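Asker: model the following, please.
(one chain, ligands or ions: 2)
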Amino acid sequence: MIRLQNVHKAFGKNRVLRGVDLEIRDGETLTIMGGSGTGKSVTIKHMVGLLKPDAGQIWVDGLEISNANEARLHQVQMKFGYLFQGAALFDSLTVAENVLFGVRNLRPELMDRAEELVVQKLALVGLKPEVADMKPAELSGGMKKRVGLARAIAYEPSYILYDEPTTGLDPIMSDVINELILGLQKKLGVTGIVVTHDMKSAYKVSNRIAMLYEGRIVADGTPQEIQNSTNPLVKQFITGSAEGPIQMAVRAYE
Ligand SMILES: Nc1ncnc2c1ncn2[C@@H]1O[C@H](COP(=O)(O)OP(=O)(O)OP(=O)(O)O)[C@@H](O)[C@H]1O
Ligand SMILES: [Mg+2]
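Answerer: Ligands and ions are numbered 1, 2, ... in the order given. Presented below is the predicted three-dimensional model:
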């Protein structure tokens, strides 16, 4: 289980997280929705120790990680797969080397069966073994996301962080990625944390959806509850209306 308790994070004067409370239960897929720049990526980076909170605590399976030493943090990071926003593949490395990147660093003992691992993980995301020798520049956007996903699951993590898994993909490829997320939850029993503003995807893959706004979680519920929410912030966000209490454009100039 992951628990964020009253997490605060500022970058200079930019107070991004202002008391985030959030719990992710084992086996569920939780989606964090919220406008651009609200701190969704910043929130999930705290879960793997890539960012440290200014105040508050982050618990992963009973360990408080914001004060954990390097060795403990390393142990926690092994539990996470991370699909980075925009896939973030290494252009100079082949697909196989990209897939193995985390394995080499976090689980070197698995490198004995590296080739088998690559083929297996590529198959899980619906890619043929031939793709292993290609470079990212030769791949379409959808293929890149899949390779990013294969990399995220390569060392069999119990948690996967999906940062904007469907952004920039056509509706069909988006749905393929949604199916993969659902499949990983079912087949591997992974706990998923998805960041997205693609509401169709959020409704499909999530057991629960939480909304981040002005540094806090302002709503939290099942997809059904979110769809029926009377909270004006939620209503405005899910209908994508420029009129309402959310003032995104204004915030950038504050
Ligand atoms: N390493 C950093 N240093 C300084 N500021 C940062 C850093 N990371 C994020 N920020 C700032 O924190 C805010 C939240 O960024 P974040 O990337 O979490 O947004 P987001 O909700 O993921 O948005 P998007 O939907 O556009 O990806 C932004 O104002 C951003 O500029
Ligand atoms: Mg982001």
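
Asker: other SSEs contacting the longest helix anywhere in the chain?
Answerer: Among the segments of the chain that qualify as a helix by DSSP state H, the longest is helix 171-188. The helices and strands touching helix 171-188, judged by 3 or more CB pairs under 8 Å, 6 or more residues apart in numbering; DSSP states H and E, are strand 29-33, helix 114-124, helix 141-153, strand 191-195, helix 199-205. From N, CA and C alone the C-beta is placed, and that goes for glycine too.

Asker: could you export these as CSV, including mean pLDDT, mean neighbour count and distance to ligand 1?
Answerer: Compiled in CSV, the helices and strands packed on helix 171-188 are given as follows (pLDDT from 0 to 100; neighbours: other CB atoms under 10 Å; distance: least, CB to the nearest ligand atom, whole Å):
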stretch, mean pLDDT, mean neighbour count, distance to ligand 1
strand 29-33, 97, 25, 8
helix 114-124, 93, 18, 26
helix 141-153, 90, 24, 15
strand 191-195, 97, 24, 6
helix 199-205, 95, 20, 13
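
Asker: can you list the ones you listed in TSV and add distance to ligand 2?
Answerer: What follows is the helices and strands packed on helix 171-188, written out as TSV (distance: least, CB to the ion, whole Å):
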stretch	distance to ligand 2
strand 29-33	10
helix 114-124	24
helix 141-153	14
strand 191-195	6
helix 199-205	14
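
Asker: those into a markdown table, with extra columns for distance to Y82?
Answerer: Rendered in a markdown table, the data for the helices and strands packed on helix 171-188 read as follows (distance: least, CB to CB, whole Å):
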| stretch | distance to Y82 |
| --- | --- |
| strand 29-33 | 14 |
| helix 114-124 | 15 |
| helix 141-153 | 6 |
| strand 191-195 | 10 |
| helix 199-205 | 17 |
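
Asker: which of these sits closest to E214?
Answerer: Closest to E214 of the helices and strands packed on helix 171-188 is strand 29-33 (CB to CB; 13.9 Å).

Asker: distance from the chain centre to that closest one, please.
Answerer: Centroid displacement of strand 29-33 relative to its chain, using CA atoms, centre = their mean, to the nearest Å, is 9 Å.

Asker: near ligand 1, anything from stretch 2-18?
Answerer: Yes - taking CB under 6 Å from any ligand atom as the criterion, stretch 2-18 and ligand 1 are in contact, through F11, N14, V16.

Asker: now these: which count as buried?
Answerer: V16 (16 or more other CB atoms under 10 Å).

Asker: so, low pLDDT: which residues of this protein?
Answerer: Under the criterion pLDDT under 70, the flagged ranges of the chain are 248-254.

Asker: show me which residues of it are close to ligand 2?
Answerer: Within the chain, the positions near ligand 2 by CB under 5 Å from the ion are S41, Q85.

Asker: count of residues packed around the nearest residue to R107 once chain neighbours are set aside?
Answerer: On the basis of CB to CB, 6 or more residues apart in numbering, the spatially nearest residue to R107 that is not a chain neighbour turns out to be Y155, at 4.4 Å. A total of 22 residues lie near Y155 under the criterion other CB atoms under 10 Å.

Asker: which residue does this protein bring closest to ligand 2?
Answerer: S41 (3.2 Å; CB to the ion).

Asker: now do the contacts for that residue.
Answerer: Remark: with contacts taken as CB atoms under 8 Å, 6 or more residues apart in numbering, S41 is in contact with Q85, D163, V195.
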